[in-house]
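Chemist: sequence first, predicted coordinates after that:
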Amino acid sequence: MINKVFGKKLGMTRYFLDEGVCVPVTIVKVEPCVVIQKKTSEKDGYEAVQIGFNPIKEKQINSPLRGHLKVAGGQWFSILKEIRVDDVSQFEVGQEILPDIFQIGDKVKISGISKGRGFSGVIKRWGFSGGRKTHGSRSHRVPGSIGQNTSPGRVHKGRKLPGRMGFQRVTIKNLRILDIRPDMNILALKGSIPGSVNNVIEISKS
């Protein structure tokens, strides 16, 4: 039994519950994932299936990947992922994994890459309050003093400083499925999920 699929974030909208409450939802398109390869304990040391996602044209992939996918049935995908399973014998190469493993009301766990914010200062990155803006102050958006005395004479690890913000793997748990449209392969999840539009996300049961 597999409990994970992959999808694309399409955007956000609002959804009215039966009691009339309006809540924000994220629309996710979950297209069928195809089993490309089976990993076994005897050969690879673990049990898993490799699945393909996001169909593309053959001319859009390189020769090594084309040969790998041709063995698996000749379907072309731009994204390959592995999913650990207990028994790989339950799956066959070319088998489609559909989003029908979820039901309305299920709680799921979402993992994806957050939006990249570039090199950011301490106010944007960590929420520092900043310095005074009047009366000759020259300390407005700088982090302030970070030094130590002679002992230990260094900056401690983990100090909140400017740096690259975002573009990290983020996981959000216990998001509820409010609606499922099987004819459109669409899930409506309550709340927001990481990443920008068309970002690939992992959806698994909590």
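Modeler: Thanks, I have the structure now. Residues are numbered from 1 along each chain as shown.

Chemist: list of residues touching stretch 55-71?
Modeler: 31, 36, 37, 52, 75, 76, 77, 78 (C-beta atoms under 8 Å, 6 or more residues apart in numbering). Quick note: C-beta positions are derived from backbone N, CA and C, even for glycine.

Chemist: determine the three-state secondary structure at residue 152.
Modeler: Three-state call for residue 152 (DSSP: H, G, I helix; E, B strand; the rest coil): coil.

Chemist: ok, it - how many residues close by?
Modeler: Neighbour count of residue 152, defined by other C-beta atoms under 10 Å: 8.

Chemist: what pLDDT does it get?
Modeler: For residue 152, the pLDDT comes out at 86.

Chemist: on that earlier part again, inside strands: which ones of the contacts of stretch 55-71?
Modeler: Using DSSP state E, 36, 37, 52, 77, 78 are the members of the contacts of stretch 55-71 that sit in strands.

Chemist: for the closest residue to residue 40 other than its chain neighbours, give me phi and psi.
Modeler: Counting by C-beta to C-beta, 6 or more residues apart in numbering, the nearest residue to residue 40 once its immediate chain neighbours are dropped is residue 88, at 5.8 Å. The phi/psi pair for residue 88 (degrees, to the nearest 10) reads phi -80, psi -10.

Chemist: check contacts around residue 88.
Modeler: 38, 39, 40, 47, 48, 49.

Chemist: tally of neighbours for residue 204?
Modeler: Using other C-beta under 10 Å, the number of residues around residue 204 comes to 18.

Chemist: which one of the contacts of residue 88 is nearest to residue 120?
Modeler: Nearest to residue 120 among the contacts of residue 88: residue 48, at 36.8 Å, using C-beta to C-beta.

Chemist: show me the shaky parts of this protein.
Modeler: Applying pLDDT under 70 to the chain picks out residues 1.

Chemist: and it, what are its domains?
Modeler: Residue ranges for each domain of the chain read 1-30+99-131+162-206, 33-97, as given by automatic domain parsing.

Chemist: do you know how far residue 116 is from residue 176?
Modeler: Going from residue 116 to residue 176 by C-beta to C-beta, to the nearest Å gives 28 Å.

Chemist: next one: residue 139
Modeler: Remark: distance between residue 139 and residue 176 (C-beta to C-beta) = 45 Å.

Chemist: got it, and residue 199?
Modeler: Taking C-beta to C-beta as the measure, residue 199 falls 20 Å from residue 176.

Chemist: nearest residue to the residue most central in space within the chain other than its sequence neighbours?
Modeler: The centre of the chain sits closest to residue 112, judged by C-alpha atoms, centre = their mean, with a distance of 1.2 Å. Leaving aside its chain neighbours, residue 112 sits nearest to residue 201 (3.8 Å; criterion: C-beta to C-beta, 6+ apart).

Chemist: got the contact list for that neighbour?
Modeler: Contacts of residue 201 (C-beta under 8 Å, 6+ apart): 6, 7, 8, 9, 28, 110, 111, 112, 193, 194, 195.

Chemist: partners of it in the sheet?
Modeler: According to DSSP bridges, the partner residues bridging residue 201 are residue 7.

Chemist: and the helix or strand hosting residue 11, what's buried?
Modeler: Assignment of secondary structure by DSSP states H and E places residue 11 within strand 4-16. Neighbour-count burial for strand 4-16 flags 4, 5, 6, 7, 8, 9, 15 (criterion: 16 or more other C-beta atoms under 10 Å).
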